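Trainee: Structure for the following, please:
(one chain, ligands or ions: 1)
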Amino acid sequence: MSARIHDFLVGKLDREGSETLQRQIYRIIQDSILQGRLPVDFKMPSTRSLADQLQISRITVSLAYERLTEEGYLYSRPGSGTYVADTLPQTYLPAKKVEEAEYTAALLSRRGLAITSRVTGLAKAGGAFVPGVADADLFPFHIWKRLQNRYFRKNHMELTGYVEHGGYRRLREALASYLYASRAVKCRSEQIIITMGTHQSLDLVAKLLSDPGDSALIETPCHWGAPVVFSAAGLAAQPIAIDSDGACLPELANDANPRFAFITPSHQYPTGNIMSLQRRREWLAFSDARNIWILEDDYDSEFRYDTEPLPSLQGLDTKHRVIYLGTFSKVAFPGLRLSYLVVPEPLADAFSKGMTQLYRPGLLPVQAAMADFIQEGHFASHIRKMRTVYAGRRSLLQKSLLQQFGSKIQFSEGSAGIHLAVTVTPKGIAREMIRRAPEFGLTLRGSYQLDATVDDDLLVLGYGGIKEPDIAPAVQRLRQLYDSITAA
Ligand SMILES: Cc1ncc(COP(=O)(O)O)c(C=O)c1O
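Mentor: Next comes the predicted model:
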């Protein structure tokens, strides 16, 4: 079977050409499926054996398989392997599928094609290790329902219209006090802009503070959303490296003029590094000297399990260069779509107007309920409870990983958040584990690198969505997955 694929690949690969080998493998397999030469349910060779036969790196084959799987050409079968998917009836599949893809591509703008071509953020069903998922099961819905009922009624007609630039006033006030107490963020409530998710926060920043053709610095690895939003706004992304002190200061040419630097100083996503105080000061001086806005994404520092968090960069900023981003996705749940920006005072009015001009925001009754949730102390007690729950899961996950993997994995730094980043050996295996995870009932993610060909061997293991009794069995399946690849 595998000889068949190998045969037609080997004759067609152009090793000297400008098209990458990964792209060529993707295209040749895709064409073969569309033309019916690889039938439905055909078992694909393992990435290792195909890489060996073609004498190329396994990562190259893995990336091509990954993309074909994401796009629905291939699928994984538990405990078995990778197969050609039954995308369309075979008789008319070739022409129809090609036609469809071409038709959709023709409908989209260049920007639309770029946004939809490397899809990374589709919500997967829950399960062991999905990163970024909070345990909504433990959210106090009985309290939330009571608060919500207060505002979805006729005696709160002020919440039914278009008003409230920048968000519901009481929520902005509640957040200003909370952020000062918990993160040393210094702001007036007018500087807080309520948004519907971090993507919208970034989009607003990009639209109001940059023009198409500008550039943005982005730490890498990073949250996948930032590059998508920035590139859709016409910005070119420039990667910033990270080290154990957090995002490194880039060396910029004198005439380079990036508009922003997107960084996660409190808890680098996903490695967990915490930016040192010294590095924070350097970033502030750098941003002031080069007129760069720092976008400080502080997405989960409510959950720290060892030391107190360092004060936010925003709290140290005396030059109005830091824009602070927060979200309720981790402390409550992502489906709320409630997040916020803290902008420097001189930008407050423009951001509030920009929010209305661009998005005509709403959900005022939900914002009112959240204001009460914070002011009546439910928010703080939920965070306290979840901190204990997540700390327990984290330490159990570490213990189980150590038992099952020993020195084959290394934990990243920091003790915070709701995911654990681990480096796995041997080189290249992490990607293969991610690809084959569904066969073992797992959902695995790696880190998002701006350059997709960089493989940092990282697995990002979320523990927000997995209960303690399920952790050890899931890690056992992780080990079986690992073994099935190393034995192949
Ligand atoms: C680094 C980082 N920032 C922010 C967020 C929150 O995004 P949102 O507010 O859209 O849920 C996430 C979610 O996973 C994240 O990983």
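
Trainee: The longest helix along the chain: which residues count as buried?
Mentor: Scanning the chain for the helix with the most residues, using DSSP state H, yields helix 378-405. Under the neighbour-count criterion of 16 or more other CB atoms under 10 Å, helix 378-405 has 378-379, 382-383, 386, 389-391, 393-394, 396-398, 400-401, 404-405 buried. In short, each C-beta sits where N, CA and C put it, glycine included.

Trainee: The ligand contacts on the protein?
Mentor: By CB under 6 Å from any ligand atom, the residues of the chain that approach the ligand are 132, 197-199, 223, 264, 269, 297, 299, 327, 329, 334, 339.

Trainee: which two in the residues you listed are spaced the farthest apart?
Mentor: Thr264 and Pro334 (17.1 Å; CB to CB).

Trainee: okay, those two: which has more neighbours?
Mentor: Thr264 (28 against 18; other CB atoms under 10 Å).

Trainee: I figured that one hits Tyr299, correct?
Mentor: Yes: using CB atoms under 8 Å, Thr264 is in contact with Tyr299, at 6.9 Å.

Trainee: just to revisit the earlier point, most neighbours among the residues of the chain next to the ligand, which one is it?
Mentor: Of all these, the highest neighbour tally under other CB under 10 Å goes to Thr264, namely 28 neighbours.

Trainee: Name the nearest residue to that one, ignoring sequence neighbours.
Mentor: Spatially, and ignoring its direct neighbours in sequence, Thr264 is nearest to Asp297 (4.8 Å; CB to CB, 6 or more residues apart in numbering).

Trainee: Show the backbone phi and psi for that neighbour.
Mentor: phi -90, psi 110 (degrees, to the nearest 10).

Trainee: Contact partners for it?
Mentor: 198, 223, 226, 262-264, 269, 325 (CB atoms under 8 Å, 6 or more residues apart in numbering).

Trainee: which of these lies closest to Pro346?
Mentor: Pro346 lies nearest to Leu325 out of the contacts of Asp297, by CB to CB, at 18.0 Å.

Trainee: starting at the chain centroid, how far to the host helix or strand of the closest one?
Mentor: Per DSSP states H and E, Leu325 falls inside strand 322-327. Computed by CA atoms, centre = their mean, to the nearest Å, the chain-centroid distance of strand 322-327 equals 16 Å.

Trainee: what element comes up after the worst-scoring helix or strand of the chain on mean pLDDT heading to the C-terminus?
Mentor: Of all the helices and strands that make up the chain, helix 93-107 has the lowest average by mean pLDDT, DSSP states H and E, namely a mean of 67. On the C-terminal side of helix 93-107, the closest following helix or strand by DSSP H and E is helix 110-117.

Trainee: Can you tell me which helices and strands that following helix packs against?
Mentor: helix 225-232 (3 or more CB pairs under 8 Å, 6 or more residues apart in numbering; DSSP states H and E).

Trainee: Using PDB, write out the CA atom coordinates for the helix it packs on.
Mentor: Extracted in PDB, the C-alpha atoms of helix 225-232 (Å, rounded to 0.1, in the frame of the first residue of the first chain):
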ATOM      1  CA  GLY A 225      -5.200  34.700  17.400                       C
ATOM      2  CA  ALA A 226      -2.800  37.600  17.500                       C
ATOM      3  CA  PRO A 227      -1.100  36.900  14.100                       C
ATOM      4  CA  VAL A 228      -4.400  36.200  12.500                       C
ATOM      5  CA  VAL A 229      -6.000  39.500  13.600                       C
ATOM      6  CA  PHE A 230      -2.900  41.600  12.900                       C
ATOM      7  CA  SER A 231      -2.500  40.100   9.400                       C
ATOM      8  CA  ALA A 232      -6.200  40.700   8.600                       C
END
